[in-house]
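Engineer: Output the structure for:
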Amino acid sequence: MCGLRVRVENGRVTKIRANPEDVWSRGYLCPKGTTLGQVHHDPDRLRRPLVREADGFREVSWPQAFGRVEALLRPVIARHGLDAVTAYVGNPTAHNFSLSRYVGAFVPMSGIPRLYSAGTVVQWPKNVSSALLYGSMWAFPTPDLDRTQHLLMLGANPHASQGSLLAAADVLGRLDAIRARGGKVVVVDPRRTGTAARADQWVPIQPGTDAALLLALAQVLFAEGLVDLGSLADVVQGVDDVERLARDFTPEAVAPVCRIPAEAIRRMARELAAAESAAVYGRIGTCNQEFGTLASWLVDVLNVLTGNLDRPGGAMFANPIAWSLTSLRPPEYAEGFRFGRWRSRVRGAP
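Structural biologist: Numbering: from 1, shown residues only. Purely as a prediction, here's the structure:
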């Protein structure tokens, strides 16, 4: 989404820089954007369809490629049915107007019962938790970076990704601004990333244990009387259930699992509760793990328990300039989302 200025000489990209006149990115460019020229000219980049043969791959025309696809798919469908076929939609589709529209038309026309995408890998647990919390799988509250006084980030590295679900230009510059105005930035990540290097505090964590850490933070909030729903008190349900679920996840209980000292966990919870405004944000690192859905849910739970959901300086819902189909609730989920209506073909998983 970053605006680019690309210099081309003799048919080759020689330089890529940020476009300072771009109204969104405003002169910012993430590391990936600077390497597009090398990707484009890479000798290993596919430029024509390939067909696998006994001695390797052979370049073919598009009609030949589609013919080969048909020859391979027909026997599979004849033997196992269309349920044996799926489609995968790559990430560039979401950033290309025409591709996103054609996929929306092609897949239903094909009759393929389910498809997968980059989102399946990247953030599907967040879609599930948002559907159950807010009734919309695309309702993602994101930190109000320009007004928050305390930011707790887990499994996120905007140094490399420009913000991802937290779509904002020059995220690192905004993190610096939080610190400059007296706020605090805490990054929880197994690796000391470029983002962690720009934070006030880096908290290394055992990979895959974010849900345990988040439950411990919630346990401290309840145990020390730090829960303050604020304006959310009349619109949330199940707070007592959360307290019961978190009760056994004390900092001492999860410390050996997360490899974070118990006192450090308590300090994180207290500082989160004491901040004038705060936001908890989780990204791909909290999704791509065994307890990804639980961790994704708990990120928003902490924002609720501290009264920081959908308030200035907290984690806020976007107000888009134009509505889209993703902002509408599907009619089949009018009474709420449910699971297990279908099962996977091989394992029978719901």
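
Engineer: Asp300: what's it in contact with?
Structural biologist: Ser129, Ser130, Leu133, Pro141, Val280, Leu309, Ala315 (C-beta atoms under 8 Å, 6 or more residues apart in numbering). (C-beta placed from N, C-alpha, C; glycine too.)

Engineer: May I have the predicted confidence score for the last one?
Structural biologist: pLDDT recorded at Ala315 is 97.

Engineer: which intervals of the stretch 201-350 of the chain have sub-threshold pLDDT?
Structural biologist: 326 (pLDDT under 70).

Engineer: how about 80 then?
Structural biologist: 320-330, 332-333, 345 (pLDDT under 80).

Engineer: Can I get the contacts of Asp300 in CSV including neighbour count, secondary structure and distance to Ala216?
Structural biologist: Output for the contacts of Asp300, formatted as CSV (neighbours: other C-beta atoms under 10 Å; DSSP: H, G, I helix; E, B strand; the rest coil; distance: C-beta to C-beta, whole Å):
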residue, neighbour count, secondary structure, distance to Ala216
Ser129, 24, helix, 19
Ser130, 21, helix, 23
Leu133, 17, helix, 21
Pro141, 24, coil, 22
Val280, 29, strand, 13
Leu309, 26, strand, 20
Ala315, 26, strand, 20
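
Engineer: Take these and write them to a markdown table, including distance to Gln237.
Structural biologist: Written out in a markdown table, the entries for these read as follows (distance: C-beta to C-beta, whole Å):
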| residue | distance to Gln237 |
| --- | --- |
| Ser129 | 15 |
| Ser130 | 16 |
| Leu133 | 11 |
| Pro141 | 18 |
| Val280 | 20 |
| Leu309 | 14 |
| Ala315 | 19 |
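
Engineer: and of these, the nearest to Ala167?
Structural biologist: Pro141 (12.9 Å; C-beta to C-beta).

Engineer: separation between the closest one and Lys126?
Structural biologist: Distance of Pro141 to Lys126, given as C-beta to C-beta, to the nearest Å: 10 Å.

Engineer: what's the answer for Leu302, then?
Structural biologist: From Leu302 across to Lys126, the span is 14 Å (C-beta to C-beta).

Engineer: Need the residues that contact the longest helix seen in the chain.
Structural biologist: In the chain, taking DSSP state H as the definition, the longest helix is helix 62-80. Identification of contacts with helix 62-80 by C-beta under 8 Å, 6+ apart yields Pro49, Val51, Val60, Ala84, Val85.

Engineer: tell me the contacts of Arg5?
Structural biologist: Residues near Arg5 by C-beta under 8 Å, 6+ apart: Ile16, Arg17, Ala18, Asn19.

Engineer: Wait, a strand at it?
Structural biologist: Yes. Judged by DSSP: H, G, I helix; E, B strand; the rest coil, Arg5 forms part of a strand.
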